[in-house]
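In: this is a predicted model, with the sequence first.
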Amino acid sequence: NGREYSALNPEAWAWVPLSAYPAFLTLCRLFGEPLGPADEARLYEEIKNLARIFGVRERHIPATVSEFWAYYNTMISTRLVDHPFVHEVLGVIRAAPPPPIMRGPLATLWRAATPVTGRLNLWTVTGTFPPEVREILQLTWTARDERLLRLAGQAIRYLARVTPEPLRYPPFPLHARRLARARTAGRPKIGRAHV
């Protein structure tokens, strides 16, 4: 509304990590496996810890999942606005520059692919927004778009199931998954040689 504000304002600062909760749920539902109630509650506990790590004070963190949804709905209906900066960020998604380490022919290839990959990135991000957020931001999303996104999600889900684990994860998360499985099985710690 034209007033200056600080990104460290407690309300704005809390929104950053807390809004990750519905985003993760949506990503699981569309591209992975939907979470059951126990896993949704566990994920919310992890999001609360993330908020604490970011320095969000406890009084700004809804205590339970049901309190979170009340908070989230209030933020969407009373605080979220169609601000030009959101569209600037979406523009960057559509035309992301090559990473700094990418130089020469690889950077040229990146730029050549950007018109297609950028549109796909923006389309995917738009599809993962809740309908009420798309409405506030005046982003077009059709029933056909929704069907195509769900089909893409099914394809990604299938490919993830048949892709060997070492190809799905970078080394550190892969090692963490193996370590968690070893602990669950009651085996001693696994060493780096197993990564």
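Out: Nice, I can see it.

In: CA atoms for contacts and neighbours, from now on please.
Out: Noted.

In: and the longest helix seen in the chain, what does it pack onto?
Out: As assigned by DSSP state H, the longest helix anywhere in the chain is helix 104-128. On a contact count with 3 or more Cα pairs under 8 Å, 6 or more residues apart in numbering; DSSP states H and E, helix 104-128 meets helix 20-31, helix 84-94, helix 143-162.

In: can these go into TSV with extra columns for mean neighbour count?
Out: Shown next, in TSV, are the helices and strands packed on helix 104-128 (neighbours: other Cα atoms under 10 Å):
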stretch	mean neighbour count
helix 20-31	17
helix 84-94	13
helix 143-162	14
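
In: got the angle for the longest helix of the chain vs helix 143-162?
Out: Computed by axes from the mean of the first three to the mean of the last three Cα atoms, to 10 degrees, the angle separating helix 104-128 from helix 143-162 equals 120 degrees.

In: next one: phi and psi at residue 129?
Out: Here is the backbone geometry of residue 129 (degrees, to the nearest 10): phi -70, psi 150.

In: nearest residue to it other than its sequence neighbours?
Out: In space, residue 129 comes closest to residue 23 once its chain neighbours are excluded; the distance is 7.9 Å by Cα to Cα, 6 or more residues apart in numbering.

In: is it true that the one you found touches residue 128?
Out: Yes: in this structure residue 23 lies within contact range of residue 128 using Cα atoms under 8 Å: 7.5 Å.

In: pLDDT below threshold where in the chain?
Out: By pLDDT under 70, the low-scoring segments of the chain are 1-2, 188-195.

In: try 50
Out: Scanning the chain with the threshold set as pLDDT under 50 gives 193-195.

In: so how far is stretch 136-155 from its chain's centroid?
Out: Averaging C-alpha coordinates over stretch 136-155 and over its chain gives two centres that are 16 Å apart (Cα atoms, centre = their mean, to the nearest Å).

In: which residues touch it?
Out: Applying Cα atoms under 8 Å, 6 or more residues apart in numbering, the contact partners of stretch 136-155 are 30-32, 80-83, 124, 126-127, 134.

In: highest neighbour count among the residues you listed?
Out: Highest neighbour count within the contacts of stretch 136-155: residue 127, with 22 neighbours (other Cα atoms under 10 Å).

In: who's in contact with that residue?
Out: Applying Cα under 8 Å, 6+ apart, the residues near residue 127 are 141, 145-146, 149.

In: okay then, goodbye and thanks.
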